[in-house]
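> pasting the sequence and the predicted coordinates here, then a few questions.
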Amino acid sequence: MDKASEKVPKVFISYSWTNEEHIEQVIEFATYLVNNHVDVILDEWDAPEGIDLNYFMEENVRSEDTDFVLIISDKEYARKANERTGGVGTETQIISKRVYEDVNQTKFIPIVWQNDDDGKPCLPDYLASRRYFDLTPKNRYSNSEKVLRRLHGIPENPKPKLGEFPKKLLETNKYYPSLKEIIETFDEKIEKNPKSINSISRHFFKDFLHNFDEFKIKFQTRNALEIANQLHDNIEEFIPLRNYYIEFIEKITQVYEFAPVDGDIIKELFENIYSNYFIPKPGESYISEDFMNFDFIVRELFLYTITISIKNEYYQLTSNLLNTPYFFNDPYNSNDTKTFLDLDKRRYVRTDEYLTYYCKEHNLNKLTGMGHFLISRIHKNYVIEELVNSDILCCHISIINLQDSDGWFPFTYIYKETKYMHLYQKLISESYYKKVKCIFDIESKEELVKKIKYSDEYFGKMRYGFRSVFMNYVKPISEYINADEIASRK
């Protein structure tokens, strides 16, 4: 038994001798309390013939040994208390004085035993603003235990323990008012002037990138768990900024038919992130772990951009992001031609290793921390399958268009639940094929068939995926579409 249950609460019951039935009900309730470890003082038990009842009542109400006074109020009790008549009136003079003098007192507990003719609780005026227990006939059985819990100090819904101070509140404002304003005024501005979309986009991405500095990590420890925890906390804190980005990409892709944005502006954002946060400045000391959070963040932003552009059928933007060159301000490799594949830093940064270690240490038991956190924090407007399909598409494009033997690795592929990919299956439609062929960087069906065959050969020779997952590898394009059926239907 804990300390709360060891103590026997001492309770005095104040009530009206309304009639024999009411007295019997009060005795029954008092017996229930006694049977449940409560010491009840009741006139029927503790005031023998010959005792001064006023003295008995006053002594028990005032006594410091009395922990609680239960005021069982029916119509008669409320009337006598308000009119100050009878024994109830005498008790009321004492109790009401104590109640009025200390508004925070909790010794005197009202119990509503009866409602009036209007269905309102019968309570004396001095108790009208106090919280009470409802033991009217229909609630008497169900609420009796609540009274018992109150007397023993064991509430049904205890107050939780005080948590640690949320340190994130001390950090930079996460509401990003400038980004919010751009999004909220976007529709009105585009309606007035569709050509303003490029200037609006540049303004948004400039402000968006400005906030990246607050997410820089400089690890002061070599402890793997501390690094993993700091990495996890950092990417979690990025979610509000990420959501503004997603909302803005949704806006600009929804209006592309009458206000097409220059895809290079979006690509420039990724070029700037790469140049500013993946490439150390000359003479700057760093370790590869310092870039892990941005490795995750860039991958997430890129996948959402692909997902949103496909969902809103802005296929030219998808193609621009996947098939045109990137220009990074890299003083160490200035002559190299870059592609979206350079945004995949897994060969240089151990992001997945540390996030997977975080999962292990926090009993999440995940094969890939990178994949797990990409899908576990999915934006409310999307489903996991959409993001996974975009991840797989990036992998396929890196293989068939860039012919990179170490292409984009789709960390989320193990979370794919269906054998269906909307973009591939719909290629049997000639009209759809014409709209999306730019994604595959082709001019003819024959070119696409050739690339699909190359995909088959590549994935046939190489099991592309997690080596620890038996018989679950990234599937080639032909797994989703028969090349002979491409553009075969009107």
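Yep, that arrived. Numbers count the residues shown, from 1 in each chain.
> so Asp213: helix, strand or coil?
Secondary structure assignment for Asp213 (DSSP: H, G, I helix; E, B strand; the rest coil): helix.
> low-confidence bits of the stretch 251-400 of the chain, can you list those?
The model of the stretch 251-400 of the chain has pLDDT under 70 over residues 284-285, 331-336.
> kindly provide the distance from the residue most central in space within the chain to His210.
Centroid check for the chain by Cα atoms, centre = their mean gives Arg377 as the closest residue, at 8.2 Å. Using Cβ to Cβ, to the nearest Å, Arg377 is found at 23 Å from His210. Heads up, the C-betas are built off the backbone N, CA and C, glycines and all.
> residue ranges of the helices in the stretch 351-490 of the chain, please?
Using DSSP state H, counting those that start in this stretch, the helices found in the stretch 351-490 of the chain span residues 351-361, 369-376, 384-400, 422-425, 430-436, 445-461.
> on that earlier part again, count of neighbours near the closest residue to the residue nearest to the centre of the chain other than its chain neighbours?
Spatial nearest neighbour of Arg377, chain neighbours left out: Ile239 (6.3 Å); criterion: Cβ to Cβ, 6 or more residues apart in numbering. Ile239 sits with 12 neighbouring residues when counted by other Cβ atoms under 10 Å.
> same question, Ile452
Ile452, neighbours per other Cβ under 10 Å, totals 23.
> for Pro282, which three-state class applies?
Going by three-state DSSP: Pro282 is coil.
> can you count the residues close to it?
7.
> cool, the one 4 residues further on as well?
Around Tyr286 there are 11 other residues, counting by other Cβ under 10 Å.
> what do you get for Val255?
Neighbours around Val255, by other Cβ under 10 Å: 18.
> what about the closest residue to it other than its chain neighbours, helix or strand, and which?
In space, and not counting its chain neighbours, Val255 is closest to Ile190: 5.7 Å by Cβ to Cβ, 6+ apart. Following DSSP states H and E, the helix or strand that holds Ile190 is helix 177-192.
> touching that helix from outside, list them.
In this structure, residues lying in contact with helix 177-192 by Cβ atoms under 8 Å, 6 or more residues apart in numbering are 196-197, 200, 203-204, 207-208, 211, 241, 244, 247-248, 251, 255, 259.
> is the closest residue to Phe278 other than its chain neighbours in a helix, a strand, or coil?
Nearest residue to Phe278 in three dimensions, chain neighbours excluded: Phe291, at 5.5 Å (Cβ to Cβ, 6+ apart). On the three-state scheme (three-state DSSP), Phe291 is labelled helix.
> what sits against Phe291?
Here Phe291 is in contact with 277-278, 345, 349 (Cβ under 8 Å, 6+ apart).
> would you show me how to pick out the buried ones of the residues you listed in PyMOL?
Buried residues among the contacts of Phe291 (16 or more other Cβ atoms under 10 Å), as a PyMOL selection:
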select buried, resi 277+278+345+349
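> just put the contacts of Phe291 in CSV and tack on distance to Arg140.
Output for the contacts of Phe291, formatted as CSV (distance: Cβ to Cβ, whole Å):
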residue, distance to Arg140
Tyr277, 67
Phe278, 70
Lys345, 68
Val349, 66
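> from the contacts of Phe291, which ones fall inside strands?
Within the contacts of Phe291, no residue falls in strands by DSSP state E.
> check contacts around Thr318.
306, 309-310, 438-439.
> before we move on, the earlier item: okay, now the residue nearest to Val255: neighbour count?
19.
> how near is it to Pro177?
20 Å.
> cool, thanks, signing off.
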